[in-house]
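Participant: I would like the atomic coordinates for the input below:
(chains A and B)
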Amino acid sequence: MQYLLSVIHDGTDLATDAEMAAIDAFNDQLRADGHWVFAGGLGGPDVATTIDNRDDAGLVVDGPFVETKEFVVGFWILEAPDLDVALRLAREASKACHRKIEVRPFL
Amino acid sequence: MTGAAGDEVATALARAHREEWARVVATLARRYGDLDLAEEAAAEAFATAVERWSADGVPPAPGGWLTTTAHRKAIDRLRRERVRDDKHREALVLTDAGPPAPTGAVDDDRLRLLFTCCHPALAMPARVALTLRMVGGLTVGEIAHAFMVQPTTMGQRITRAKTKIAQARIPYRVPTAQDLPARRDGVLAVLYLIFNEGYLASSTDDGTQPIRPALTGEAIRLVRLLRQLLPDDGEVAGLLALMLLVEARRLARLDEDGGLVPLPAQDRTRWDRRLVAEGHQLVRERLVTGEPPGRYQVLAAINAVHTSAPSAEATDWAQVLALYDQLVRIDRSPVVLLNRAVALAEVDGPQVALAAVEPLRDALDRYRAFHATRADLLRRLGRDDEARAAYDAAIGLTDNAAEVAFLVERRDATR
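Facilitator: Predicted coordinates for the structure are as follows:
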């Protein structure tokens, strides 16, 4: 079972050195415990481009699909047997990167 | 079929529903790893029982009969659906949780079911609805009625919760020993909320149902079940004692016209002595353990003091206040401080109590009991204009018709 942990933030400031160090340590632990699948940080909504090519509409919008105060700035994809484990990892992730985490299952 | 035989079948069905519903759902949920399937198969088994028992008589072991029948219904359903959606169903069946990881905690399928329904990843209204449906066996219509929402709304709420459990894979198990205290608190909170909604409905449609015995009774039944499963847990015993001591006063809480009667004015001969005795016994049992009590045990002890007093005047308020001081050390929430102030008024007078209440305004300005308590203290201090304004504020926040009537009467008497 895989879960997407989205990192939620409301500003443009990047992770501090202390946060980066905590994230690295957390990632090492994820790999050691067999939870690691993939992770990454993202550019903010300012640099997003939204495409709508349904029915060959060919629409290109400079910006996110919806303007929100808070947005996704990064993510983890983790392997976990159930939601209890995923939530425990999300608590550790939130503490490490010092941001909110949204947990969603892959179907 | 004779009337007597029909009555016997109806009694047996009601009893089986009360005693076996949760067990049947819980067993099937573990076997098939699918709450939806477990619920539907259990409901079909009970529907079949209505037909078969009337025709053939009540089987010697109703619980076993129901479980076997429900298993058959589940397998039938799986076969039908597998034809339709082979891959999807295979996947679901494979999520059977199997034997539990060793937890050191008591294991019972019903306990797993209760913990799953009360999982912290579900919103409180979803936990309450799911618990009443899956563990309590209430129909969606009954739950919708109890919470004054449309049956379709309640149905959607339950369906959404079940979908989240399945898709996000909320595990079907009793939490590990390490997580158990926090998760147990979550379960107790759900059961206490169900009880409180029955004790004083947050809203009434026609003003005839300020108290809902079906909900208080169901909450007590579920705590009794939890206590069977966790017999040594002090807080479970505490919550049961608390509910019993409050429920014991139910008949005395309404007058002939359906109006609310406050504790000091209640006819104590109308209290249910059997429930009082059982509640007191539980409180005593917890006291002799010498373990530090949690909040439900302290609340039960407070209610034990009230129910021990032969009259309102004879209430040992110093003891009540001491218990509230103990509760404040466990839970320094504004609501606890407000309730402590009520006891403080009896010990040190309304002036001192009002001084304790005023700082709570920011936190409790939208809470009807804050304004009602403040109104009562102002009235006792002879500050009638302020008292009436506070009663009005309380009335504006109350949807329970009997409570509104009580507050209006109090307000109008203050002049």
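
Participant: closest residue of chain B to chain A?
Facilitator: Chain A sits closest to B:Pro171 of chain B, with a gap of 4.0 Å, by CB to the nearest CB. Glycine gets a C-beta too; all of them are placed from N, C-alpha and C.

Participant: list phi and psi for the nearest residue to that residue once chain neighbours are set aside.
Facilitator: Distances taken as CB to CB, 6 or more residues apart in numbering or on different chains put A:Asp82 closest to B:Pro171, at 4.0 Å, once the chain neighbours are dropped. When read as degrees, to the nearest 10, the backbone of A:Asp82 gives phi -160, psi 180.

Participant: check contacts around A:Asp82.
Facilitator: A:Met1, B:Arg169, B:Ile170, B:Pro171 (CB atoms under 8 Å, 6 or more residues apart in numbering or on different chains).

Participant: and B:His71, by the same measure?
Facilitator: B:His71 neighbours (CB under 8 Å, 6+ apart): B:Leu28, B:Arg31, B:Ala41.

Participant: out of the residues you listed, who's nearest B:Asp7?
Facilitator: Of all these, B:Asp7 sits closest to B:Ala41, with 27.7 Å by CB to CB.

Participant: am I right that the closest one is in contact with B:Arg77?
Facilitator: Yes: applying CB atoms under 8 Å, one finds B:Ala41 in contact with B:Arg77, separated by 6.4 Å.

Participant: pick out whichever of those two has more residues nearby.
Facilitator: B:Ala41 (27 against 18; other CB atoms under 10 Å in any protein chain shown).

Participant: quick one: contacts for that one?
Facilitator: B:Leu28, B:Ala70, B:His71, B:Lys73, B:Ala74, B:Arg77.

Participant: hang on, the earlier thing: helix/strand/coil for the residue of chain B closest to chain A?
Facilitator: Put simply, B:Pro171 is coil when judged by DSSP: H, G, I helix; E, B strand; the rest coil.

Participant: one more: the one 10 residues further on?
Facilitator: Recorded secondary structure, B:Pro181: helix (three-state DSSP).

Participant: OK, contacts around A:Tyr3?
Facilitator: A:Ile77, A:Leu78, A:Ala80, A:Leu83, A:Ala86, A:Val103, A:Arg104, A:Pro105, A:Phe106.

Participant: emit the ChimeraX select command for whichever of those residues are buried.
Facilitator: Listed next is the ChimeraX selection for buried residues among the contacts of A:Tyr3, using 16 or more other CB atoms under 10 Å in any protein chain shown:
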select /A:78,80,83,86,103,105
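
Participant: which two of the contacts of A:Tyr3 have the greatest separation?
Facilitator: Among those, A:Ile77 and A:Leu83 lie farthest apart (CB to CB), at 15.2 Å.

Participant: wait, a strand at A:Leu5?
Facilitator: Yes: checked against three-state DSSP, A:Leu5 lies within a strand.

Participant: surely it and A:Glu92 touch.
Facilitator: No: checked against CB under 8 Å, the pair A:Leu5 and A:Glu92 is beyond contact range at 10.1 Å.

Participant: so if I had to pick from the two, which one is more boxed in?
Facilitator: When A:Leu5 and A:Glu92 are compared for neighbours, A:Leu5 comes out ahead with 22 against 16, by other CB under 10 Å.
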